[in-house]
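A.B. asks: this one's sequence-less:
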């Protein structure tokens with residue numbers, strides 16, 4: 001297998017300004033999901049209701065507990081990654097790979113939390129006659145409204161992480177040279193994944 005070569009970075013005065021602007025934008029994009037995760041977490045933690053039918057809390061449902069834990073992990077990661085991204089130091093391959101892998105991982109973790117919780121809220125609103133689950137939101141409407149708000153915020157967090165994943169993907173893969181394309185004698189263009197030796 002061929003060798004990937006790192007493209008050397010030459011920074012001029014304009015590149016430094018662009019780099020600082022990009023670093024500021026990325027830092028702000030990393031702080032935004034932290035704030036949203038904390039808001040979603042607090043709403044879900046305070047989500048409980050008692051009435052004549054009984055009491056219901058987020059801790060009674062595994063999907064909501066997972067949402068709380070995932071939001072906490074994402075908020076912590078967002079804070080740490082914002083601090084690292086704000087530091088004005090050159091981006092290395094290992095740093096780019098770390099951001100790429102962690103951004104991807106956290107995107108899928110928070111997406112899974114939002115999707116699972118959405119299914120639970122859907123069943124709470126609609127019920128399921130096949131499994132004899134009744135509509136819970138008729139009796140616990142306040143609980144359902146708070147859960148829905150927390151899940152909606154979590155989907156916004158998922159969009160933020162998807163954007164961060166795109167940025168970290170670009171930063172990582174722009175460090176590598178493009179594959180070399182060459183024409184064959186049949187008029188077909190082939191792209192090799194390695195640099196052919198002369």
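C.D. replies: That came in fine, so what should we check first? Source: prediction; values computed, not measured.
A.B. asks: residue 167 and residue 176, how far apart?
C.D. replies: Residue 167 is 16 Å from residue 176, where distance means CB to CB, to the nearest Å. For the C-beta atoms, the positions are set from N, CA and C on the backbone; glycine is no exception.
A.B. asks: more crowded one of those two?
C.D. replies: Relative neighbour count places residue 167 above the other of residue 167 and residue 176, with 18 against 12, counting by other CB atoms under 10 Å.
A.B. asks: name the SS class of the more buried one, please.
C.D. replies: With DSSP: H, G, I helix; E, B strand; the rest coil as the basis, residue 167 sits in helix.
A.B. asks: quick one: contacts for it?
C.D. replies: Contact partners of residue 167, counting by CB atoms under 8 Å, 6 or more residues apart in numbering, are 26, 29, 103.
A.B. asks: how far is the strand or helix carrying residue 85 from where the chain is centred?
C.D. replies: Using DSSP states H and E, residue 85 falls within helix 62-86. A distance of 10 Å separates the C-alpha centroid of helix 62-86 from that of its chain, computed with CA atoms, centre = their mean, to the nearest Å.
A.B. asks: tell me, what's the model's pLDDT at residue 41?
C.D. replies: What the model reports as pLDDT for residue 41 is 94.
A.B. asks: identify the residue nearest it in space, chain neighbours excluded?
C.D. replies: Taking CB to CB, 6 or more residues apart in numbering, and ignoring the residues beside it in sequence, residue 41 has residue 71 as its nearest neighbour in space, at 4.1 Å.
A.B. asks: state the distance from the one you found to residue 99.
C.D. replies: Remark: distance between residue 71 and residue 99 (CB to CB) = 20 Å.
A.B. asks: out of these two, which sits in the busier spot?
C.D. replies: When neighbours are counted by other CB under 10 Å, residue 71 and residue 99 differ, and residue 71 comes out ahead with 30 against 23.
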